[in-house]
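S.K.: mind looking at a prediction? Sequence and model below.
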Amino acid sequence: MSEVQQPKILILSSTVGRGGADKQIIALSSEAARRGWRCRIVSFTPLGIMGTRAREKGHDIRVIGFSGLLLPLGFLRLIFLAVGYRPDVTVSFMFHATIAGRFLRFLGLGGRHISSVRSINMGSPRREQIFRRTRERDAACVVNSNIVADALLERDILALDRLHVIPNAVEIPGEEPEPAVSGSLRAEGKSGVFTWLIVARITPAKDYDTLLAAVRLLADREGQSAERGGPAKGQSVASSYRRLSFRVLSVGDGSESDRIHRRAEELGLGQYLQFLGGKDEIGPYLASADAFVFSSAWEGLPNSVMEAQAAGLPVVSTAVGGVPEIVLEEKTGFLVPPKDPESLAGAMERMMDFSIEERDSMGRRGKAHMMRAFSPEIVLERWIDTIQFVLKYK
């Protein structure tokens, strides 16, 4: 089959809000437009701030109701949209969009179909079964991590002959913005407070419970050091003779916000943990931190961790999904098992024990790693190659 010179691309997504997948969608739409291709994005739910801003900048974005009682009407709207637009390729992000895209392919309306898997966890065994049974409708399936791809292949969820691994892209910031929150060691020196940052939606996947438990452990060690002047259990002798002055800034909101806020109060973490809510721009918050912490129970390739490293922050994270591909153990940060507050607290304490120079060195290596392997130029070229491949050969 001959290659289409200026294809029409249809991108389906469950949402276009402020998440990591949404950033990849907007970047792919921008690259398609730069090449003179037509690209239309369809969101199944109302737009968030990222989608609204992209539409204002000229991206062709449509919204269809695709949940609850609106599901049948949503399918009809999607069918009529596909009939009128007649895409050459449909690219679907996230589970519901993928199933809808495969349905269009079944009807002969969406052109070739490319699904995009963003996490090692499909959500339920039922979803895995549906994904597996409908995968023959794909011309290609893009996964954002080799580790995630291997795990899904082992569970026979993916078809090897259709698999393409393309990581997330991350922008490397230029001049560092002004900090949104003052008082970090990096900004204030010895008069500052060691400032951790987590950027994550407050949902079960992000496992804030483990983070809260780790912060409580660190707070208890701080109190023990101050009262007894000696090492607490599991604490180094060197760190026991200084006060572990620290705080954690949390940027994000989500379905578990109320419960996690209550749990933080129950644990008495008010002086250590500040919930700042969801933010449209995280650069000023990255500039406010000395290090980044991430406590997810499962992942794909988390954008917020990539953005932290691109901003030059060292990272302590759970070793879930594709995180070990972006956080290089002992070089750009520390990795710990998921759902293990003791290990997370220990790695956080170890990071705080490092000198500013040691943390800066880790941060520089992390930034260089992002530039080498995850720059938009590299990642988007791989997306374009995949689209052209399925147009030519599938």
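M.R.: Noted; the coordinates are in hand. What you are looking at is a predicted structure, and each value in this text was computed from that prediction instead of being measured.
S.K.: endpoints of stretch 283-292, how far apart?
M.R.: Counting by CA to CA, to the nearest Å, you get 13 Å between the two ends of stretch 283-292.
S.K.: identify the residues contacting it?
M.R.: The contact list for stretch 283-292 (CB atoms under 8 Å, 6 or more residues apart in numbering) reads 173, 176-182, 184-187, 194-199, 249, 251, 276, 279, 304-305, 307-309, 311, 313-317, 333, 348, 351-352, 359. No exception for glycine: its C-beta is placed from N, CA and C like everyone else's.
S.K.: flag every buried residue along it.
M.R.: Of the residues in stretch 283-292, 283, 285-292 count as buried by neighbour count, 16 or more other CB atoms under 10 Å.
S.K.: and for stretch 36-55?
M.R.: Buried residues in stretch 36-55 (16+ other CB under 10 Å): 37, 39-45, 47-48, 50-51, 54-55.
S.K.: which of these sits closest to residue 107?
M.R.: Comparing the buried residues of stretch 36-55 against residue 107 with CB to CB picks out residue 42 as the nearest, at 15.4 Å.
S.K.: let me see the contact set for the closest one.
M.R.: 10-13, 61-64, 78, 81.
S.K.: mark which of the residues you listed are buried, thanks.
M.R.: Applying 16+ other CB under 10 Å to the contacts of residue 42, the neighbour count classes 10-13, 61, 63-64, 78, 81 as buried.
S.K.: okay, who's weakest in those residues by pLDDT?
M.R.: The lowest pLDDT within the buried ones among the contacts of residue 42 belongs to residue 64, which sits at 90.
S.K.: correct me, but it touches residue 78?
M.R.: Yes. In terms of CB atoms under 8 Å, residue 64 counts as a neighbour of residue 78; the distance is 6.0 Å.
S.K.: hang on, isn't residue 334 packed against residue 352?
M.R.: No. In this structure, residue 334 is not within contact of residue 352 by CB under 8 Å, at 11.4 Å.
S.K.: in strands only, show me the contacts of stretch 283-292.
M.R.: The strands, defined by DSSP state E, take in 194-199, 249, 251, 315-317, 333 from those.
S.K.: farthest-apart pair in those residues, please.
M.R.: Checking the ones in strands among the contacts of stretch 283-292 with CB to CB, the most distant pair is 251 and 333, at 18.4 Å.
S.K.: which of these two has more residues huddled nearby?
M.R.: residue 333 (29 against 25; other CB atoms under 10 Å).
S.K.: separation between that one and residue 367?
M.R.: 12 Å (CB to CB, to the nearest Å).
S.K.: mutual contacts of those two, please.
M.R.: Listed contacts common to residue 333 and residue 367 are residue 309; contacts here mean CB under 8 Å, 6+ apart.
S.K.: list the contacts of residue 281.
M.R.: By CB under 8 Å, 6+ apart, residue 281 has no neighbours at all.
S.K.: ok, it to residue 20 distance?
M.R.: Separation of residue 281 from residue 20 (CB to CB) stands at 15 Å.
S.K.: which residues in the stretch 1-150 of the chain form helices?
M.R.: With DSSP state H, counting those that start in this stretch as the criterion, the stretch 1-150 of the chain has helices at 20-34, 49-56, 71-85, 95-107, 125-134, 146-154.
S.K.: reformat the ones in strands among the contacts of stretch 283-292 as JSON lines; add pLDDT and distance to residue 383.
M.R.: Output for the ones in strands among the contacts of stretch 283-292, formatted as JSON lines (pLDDT from 0 to 100; distance: CB to CB, whole Å):
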{"residue": "194", "pLDDT": "96", "distance to residue 383": "39"}
{"residue": "195", "pLDDT": "97", "distance to residue 383": "36"}
{"residue": "196", "pLDDT": "98", "distance to residue 383": "33"}
{"residue": "197", "pLDDT": "98", "distance to residue 383": "29"}
{"residue": "198", "pLDDT": "98", "distance to residue 383": "29"}
{"residue": "199", "pLDDT": "97", "distance to residue 383": "24"}
{"residue": "249", "pLDDT": "98", "distance to residue 383": "33"}
{"residue": "251", "pLDDT": "97", "distance to residue 383": "28"}
{"residue": "315", "pLDDT": "98", "distance to residue 383": "26"}
{"residue": "316", "pLDDT": "98", "distance to residue 383": "31"}
{"residue": "317", "pLDDT": "98", "distance to residue 383": "26"}
{"residue": "333", "pLDDT": "98", "distance to residue 383": "27"}
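S.K.: re the thing from before, sort out which of the buried residues of stretch 36-55 are in strands and list them.
M.R.: Using DSSP E, the subset of the buried residues of stretch 36-55 located in strands is 39-43.
S.K.: residue 327 against residue 321, yeah?
M.R.: No. The criterion here is CB under 8 Å, and residue 327 misses it with residue 321 at 11.2 Å.
S.K.: out of the buried ones among the contacts of residue 42, flag the one nearest to residue 129.
M.R.: residue 12 (21.0 Å).
S.K.: ok, the closest one - contacts?
M.R.: Residues in contact with residue 12 (CB under 8 Å, 6+ apart) are 42, 44, 78, 90-93, 97-98, 100-101.
S.K.: got a winner among the ones in strands among the contacts of stretch 283-292 for most neighbours?
M.R.: Most surrounded of the ones in strands among the contacts of stretch 283-292: other CB under 10 Å gives residue 333, at 29 neighbours.
S.K.: partners of that residue in the sheet?
M.R.: residue 315, residue 329 (DSSP bridges).
S.K.: kindly provide the distance from it to residue 148.
M.R.: Note on residue 333: its distance to residue 148, by CB to CB, is 19 Å.
S.K.: same question, residue 191
M.R.: Computed as CB to CB, the residue 191 to residue 148 distance reads 43 Å.
S.K.: neighbour-wise, which of those two wins?
M.R.: Neighbour count, other CB under 10 Å: between residue 191 and residue 148, residue 148 has more, with 25 against 8.
S.K.: hmm, that one is touching residue 117, no?
M.R.: Yes. Taking contacts as CB under 8 Å, residue 148 lies within contact range of residue 117: 7.0 Å.
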